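Undergrad: Sequence and predicted structure, then a few things I'm wondering about:
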Amino acid sequence: MAIGCHGSVWSGCFDDAGLRTAIEGTAQAGFDLIELPVFDPDTINVALTRQLLEDNGLGVTISLGLTDEMNISSEDPTVVAFGEARLGKIIHLLGELGGSHLVGVIYAPMKKNLRPATEAEVKNGQDAIRRLGELAATLGVRLGLEAVNRYENNILNTARQAMAYTDVVASDNVMVHLDTYHMNIEESDMFQPVLAVNDRLTYVHIGESHRGYLGTGTVDFDNFFKALGAINYNGPIVFESFSSAVVDPNLTGALSIWRNLWKDGADLAKHANAYIRGKRRAVETISYH
Ligand code: MN
């Protein structure tokens, strides 16, 4: 079980300097893993990333939310092909980096929609995700489809929707990614959805209701961590937080990051690492089985 930190706690861009700041900062804050947001794999210095990960003893995962141009759920086959090719390159990058998971809103655009998705859009996305899952399997990579709130996607808003969607994809390494920030908006509680996903849960984001310091918002972390204990979850648990103090041009608008919730990413991250490990340690003392 690895506890990780999202790269946007440290830097808004992942050029050589940004990679160094994010990877060294994540390690120094006590984490085991860094999640790098990657939209275009050609912008990432692979050799430097590998070296920094090795020097700092960190594992790596990659996340993104699709843009319209990468929309594999599009009804336009040329757009689907472009998005699928781009995601394929990101999966190959993960293989080169020795990474385990590609996660996030990788099945459709991450944006506010003004209409529901069509049946054709959902099917096109499922078919593309199935093909990408087959590619990922050859490189030892798992795909985690993140259920996000209604303002960021119109296909997967809840854990149960993610289960139904991945039932149709029916690929062993296409699994579910839950995020406490989104669950706090869309789910009825923080326990039952985790039980519903059970061993199809492959990735977890820990985010507060305002995406700032853990424990200062309304998310019921106690019941969420109890639920992870109840299903014996041992996959990555990654802290995700955003502030206008760190601006990522690909994420700031899509995620509506308008407020400055923190200035010192190092202090925020150190606090989150201790908070998550503390909850995990406490839950280990209660037995469900
Ligand atoms: Mn998330």
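TA: Here it is on my side, so go on. Residues are numbered from 1 along each chain as shown.

Undergrad: contacts, neighbours, all on C-alpha from now
TA: Fine.

Undergrad: State the helix or strand in which Thr21 lies.
TA: helix 16-28 (DSSP states H and E).

Undergrad: for that helix, what is the average pLDDT?
TA: With pLDDT averaged residue by residue, helix 16-28 scores 98.

Undergrad: for the next helix or strand after it, packing partners?
TA: Per DSSP H and E, helix 16-28 leads on to strand 33-37 as the next helix or strand towards the C-terminus. For strand 33-37, the packing partners by 3 or more CA pairs under 8 Å, 6 or more residues apart in numbering; DSSP states H and E come out as strand 3-6, helix 16-28, strand 59-66.

Undergrad: quick check, distance from strand 33-37 to the centre of its chain.
TA: Strand 33-37 sits 9 Å away from the centroid of its parent chain (CA atoms, centre = their mean, to the nearest Å).

Undergrad: what does the very next helix or strand once past it rub up against?
TA: Going down the chain from strand 33-37, the next helix or strand is helix 46-56, by DSSP H and E. By CA atoms under 8 Å, 6 or more residues apart in numbering, the residues outside helix 46-56 that reach it are Asp16, Leu19, Arg20, Ile23, Glu24, Ala27, Gly59, Val60, Leu93, Glu96, Leu97.

Undergrad: Apart from its neighbours in sequence, what residue is nearest the last one?
TA: Yep, that's Leu97 we're talking about. Arg50 (5.8 Å; CA to CA, 6 or more residues apart in numbering).

Undergrad: And for the one you found, the neighbour number?
TA: The tally of other residues near Arg50 (other CA atoms under 10 Å) stands at 17.

Undergrad: circling back: highest mean neighbour count out of the helices and strands packed on strand 33-37?
TA: Stretch with highest mean neighbour count among the helices and strands packed on strand 33-37: strand 3-6 (a mean of 28; mean count of other CA atoms under 10 Å).

Undergrad: tell me what that one is packed against?
TA: strand 33-37, strand 237-239, helix 265-284.

Undergrad: let's go with 10 Å and repeat that
TA: Packed against strand 3-6 by the contact rule (3 or more CA pairs under 10 Å, 6 or more residues apart in numbering; DSSP states H and E) you find helix 16-28, strand 33-37, strand 59-66, strand 201-206, strand 237-239, helix 265-284.

Undergrad: out of the ones you listed, nearest to Gly253?
TA: strand 59-66 (11.9 Å; CA to CA).

Undergrad: quick check: angle from the closest one to helix 46-56?
TA: Counting by axes from the mean of the first three to the mean of the last three CA atoms, to 10 degrees, strand 59-66 lies at 130 degrees to helix 46-56.
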